[in-house]
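Novice: Fold the following and give me the result.
(2 chains)
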Protein chains: 2
Amino acid sequence: MSKKDAEPQEAEPPPEQTVEQLEAKVAELEDRWKRALAETENLRKRLAKDLATAQEAERRRVTAAWLPIVDNLELALAHADEANPIVTGIKAVRDQALDLLAALGYPRDNETGIGFDPVRHEAVSVMPGGGEPGTVVSVVRPGYGKAQQQLRPAAVVVAGEQQDS
Amino acid sequence: MSKKDAEPQEAEPPPEQTVEQLEAKVAELEDRWKRALAETENLRKRLAKDLATAQEAERRRVTAAWLPIVDNLELALAHADEANPIVTGIKAVRDQALDLLAALGYPRDNETGIGFDPVRHEAVSVMPGGGEPGTVVSVVRPGYGKAQQQLRPAAVVVAGEQQDS
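Specialist: Below you'll find the predicted structure:
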């Protein structure tokens, strides 16, 4: 059992067991190292994706915060006397805001006569006999965005079945 | 020199050199593993910082894109007849936009009578005798932001030395 008996010429001879232990340790460390490298790579990929997601979320958040302002601009214009000289200027500002929304990835959606689509529409009421059942009769509040990137659905009135009375 | 001579009882005795090699390999792998762990941690910290920076940049980019709209709203109001009923509504929308800009971290800056500050001001002209030299006489275009977070400096007229003529 004594190391000194087996190899008296050596002060601290390495026992057979030590080599096995070292080999096991090498294998374990190689595994740990490779796992750490893989983790770094995964982290890099995941965080690059997180970055894009965070940027899009921030664009969405800031743009959504401007929507009430655009809505109120439109409300003011809805009740305005077209003869007022300021109306022309304000309409140009409104158009500029709509162009910006489209450029940011959220085009205006106020189409009528199309089929109701739960992704882009929010029904606020049903108008019996308002047209072909299930189609959008009018837009109460425009929506902004595209199918995969909705900022806000359009609030619409949907045509219902003709009521016989 | 022969390993078999040193330990004849072993078919494949582990040479002293192999233990040394293994120990060196263990040390090297431990180092690599620790470096990989440290790299992962640094990456995690750096990317968390990148994330915050990217979010702020996106907030800044989107908000800056809305500034010309706010400017044009103000221009329309500057030439408006106060008696027009629409003017009250548009002023409320303008105030709403200014509140939003402040909430996003970019309060309006149109202070006069203060000293010119190159961080928040952009001098568009100098008015000799316009007041104490070096002070802001008037704001041509308001600025938005704070000292450490400027969206746009205020374009100002600065008072110059009184000219004796």
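Novice: Sticking with residue A:159, tell me its helix or strand.
Specialist: For residue A:159, the host element (DSSP states H and E) is strand A:154-160.
Novice: Residue A:124 and residue A:156 touch, don't they?
Specialist: Yes. Using Cβ atoms under 8 Å, residue A:124 makes contact with residue A:156 at a distance of 6.8 Å. (Each C-beta comes from the backbone N, C-alpha and C, glycine too.)
Novice: Who has more neighbours out of those two?
Specialist: residue A:156 (27 against 14; other Cβ atoms under 10 Å in any protein chain shown).
Novice: dump the residue contacts of the more buried one.
Specialist: A:112, A:116, A:121-124, A:136-140 (Cβ atoms under 8 Å, 6 or more residues apart in numbering or on different chains).
Novice: ok, now with 6 Å
Specialist: Contact analysis of residue A:156 by Cβ atoms under 6 Å, 6 or more residues apart in numbering or on different chains lists A:121, A:136, A:139.
Novice: got it, and residue A:144?
Specialist: A:101, A:106, A:108, A:151-152.
Novice: pLDDT score for residue A:104?
Specialist: Predicted confidence (pLDDT) for residue A:104: 95.
Novice: How many neighbouring residues does the residue nearest to it when sequence neighbours are not counted have?
Specialist: Excluding the flanking residues, the one nearest residue A:104 by Cβ to Cβ, 6 or more residues apart in numbering or on different chains is residue A:63, at 5.3 Å. Residue A:63 has 23 neighbours, counted by other Cβ under 10 Å.
Novice: Over the helix or strand containing residue A:63, what's the mean pLDDT, rounded is fine.
Specialist: Take DSSP H and E as the rule and residue A:63 turns out to sit in helix A:16-78. Mean pLDDT, helix A:16-78: 90.
Novice: Which helix or strand lies directly C-terminal to that helix?
Specialist: Next along the chain after helix A:16-78, taking DSSP H and E as the criterion, comes helix A:85-103.
Novice: Run the angle between that next one and helix B:16-78 for me.
Specialist: With axes from the mean of the first three to the mean of the last three Cα atoms, to 10 degrees applied, the angle from helix A:85-103 to helix B:16-78 works out at 160 degrees.
Novice: Can you give me the buried ones in helix A:85-103?
Specialist: Residues of helix A:85-103 classed as buried by neighbour count (16 or more other Cβ atoms under 10 Å in any protein chain shown): A:86-87, A:89-91, A:93-94, A:97-98, A:100-101.
Novice: Ok, stretch A:101-115 next?
Specialist: Applying 16+ other Cβ under 10 Å to stretch A:101-115 flags A:101, A:104-109 as buried.
Novice: Keeping just the C-alphas, turn that stretch into PDB.
Specialist: Output of stretch A:101-115 as PDB, limited to C-alpha atoms (Å, rounded to 0.1, in the frame of the first residue of the first chain):
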ATOM      1  CA  LEU A 101     -47.200  55.700 -38.700                       C
ATOM      2  CA  ALA A 102     -47.000  53.900 -42.000                       C
ATOM      3  CA  ALA A 103     -43.200  54.400 -42.200                       C
ATOM      4  CA  LEU A 104     -42.800  53.000 -38.600                       C
ATOM      5  CA  GLY A 105     -44.600  49.900 -39.800                       C
ATOM      6  CA  TYR A 106     -48.200  50.700 -38.800                       C
ATOM      7  CA  PRO A 107     -50.200  51.800 -41.900                       C
ATOM      8  CA  ARG A 108     -53.700  53.100 -41.300                       C
ATOM      9  CA  ASP A 109     -56.600  50.600 -41.600                       C
ATOM     10  CA  ASN A 110     -60.000  52.100 -42.300                       C
ATOM     11  CA  GLU A 111     -61.200  49.900 -45.200                       C
ATOM     12  CA  THR A 112     -64.900  49.200 -45.400                       C
ATOM     13  CA  GLY A 113     -66.900  46.700 -47.500                       C
ATOM     14  CA  ILE A 114     -64.500  43.900 -46.600                       C
ATOM     15  CA  GLY A 115     -65.200  40.800 -44.500                       C
END
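Novice: Contacts for that stretch, please.
Specialist: A:63, A:98, A:120, A:134-136, A:138-139, A:142-145, A:149, A:151, A:154.
Novice: Give me the domain ranges for chain A.
Specialist: A:16-104, A:106-160 (automatic domain parsing).
Novice: Which ones among the buried residues of stretch A:101-115 lie within strands?
Specialist: A:108-109 (DSSP state E).
Novice: okay, now residue A:20: neighbour count?
Specialist: 12.
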